[in-house]
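A.B. asks: Give the three-dimensional model of this entry:
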Amino acid sequence: MRLAIGLALSLSAVACSGAGSSPHVLYHNRLQSFDGIPTRDGLTLDAGTSRGAAIRIESLGTTTIRLAEVQTEPAEAVVLTYRRQLRTANLKGRADLELRWSIPGRPELFSRASEGPLTGTTDWVT
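C.D. replies: Below is the predicted model:
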């Protein structure tokens, strides 16, 4: 089974330390390069998509690709903005994007795309 996923994702985290302080960006990656991506096996950069640069994932079976790992500094509030676009080509299995985060002392949390897993060939899903 061969899997190909075109992926464009924008991830940023902003922290605010308290009253009167300005928010500042802790992490921002539009996935236009492999800088900051923990998992690189099976990834290629595809600069020629209709949505700009994207990361192409190829796998012969079930795989998990970690696209970012953000460590925050102590703050009263942290805002995480996560935008992604996904498309598939000749996918025999299923592809899904999810966001997982952990806060020390609490159970791991996650969020999945509302349209559910993709299969076959699809256009960009936002």
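A.B. asks: what about stretch 40-53, start to end distance?
C.D. replies: End-to-end distance for stretch 40-53: 16 Å, by C-alpha to C-alpha, to the nearest Å.
A.B. asks: How about residues contacting it?
C.D. replies: Residues outside stretch 40-53 that contact it (C-beta atoms under 8 Å, 6 or more residues apart in numbering): 6, 8, 30-34, 37, 54-59, 63, 65, 85, 124. Yep, even glycine has a C-beta here, placed from its N, CA and C like the rest.
A.B. asks: what residues are up against residue 34?
C.D. replies: Here residue 34 is in contact with 40, 43, 45, 55 (C-beta under 8 Å, 6+ apart).
A.B. asks: Distance-wise, check the third one relative to residue 110.
C.D. replies: Okay, so that is residue 45. 26 Å (C-beta to C-beta, to the nearest Å).
A.B. asks: Those two: which is more packed in?
C.D. replies: Of the pair residue 45 and residue 110, residue 45 is the one with more neighbours under other C-beta atoms under 10 Å, namely 12 against 9.
A.B. asks: pLDDT value on the more buried one, please?
C.D. replies: For residue 45, the model assigns a pLDDT of 84.
A.B. asks: Any figure for the gap between residue 118 and residue 65?
C.D. replies: Distance from residue 118 to residue 65, counting by C-beta to C-beta: 15 Å.
A.B. asks: ditto for residue 106
C.D. replies: Using C-beta to C-beta, we find residue 106 at a distance of 24 Å from residue 65.
A.B. asks: Between the two, point out the one with more neighbours.
C.D. replies: Set residue 106 next to residue 65 and count neighbours by other C-beta under 10 Å: residue 65 wins out with 17 against 8.
A.B. asks: Tell me the spatial nearest neighbour of that one, not counting adjacent residues.
C.D. replies: Nearest non-adjacent residue to residue 65, counting by C-beta to C-beta, 6 or more residues apart in numbering: residue 39, 4.7 Å away.
A.B. asks: Around that neighbour, how many other residues sit close by?
C.D. replies: Look at residue 39: counted by other C-beta under 10 Å, it has 15 neighbours.
A.B. asks: any weak-confidence spans in this structure?
C.D. replies: Along the chain, segments meeting pLDDT under 70 span 1-21.
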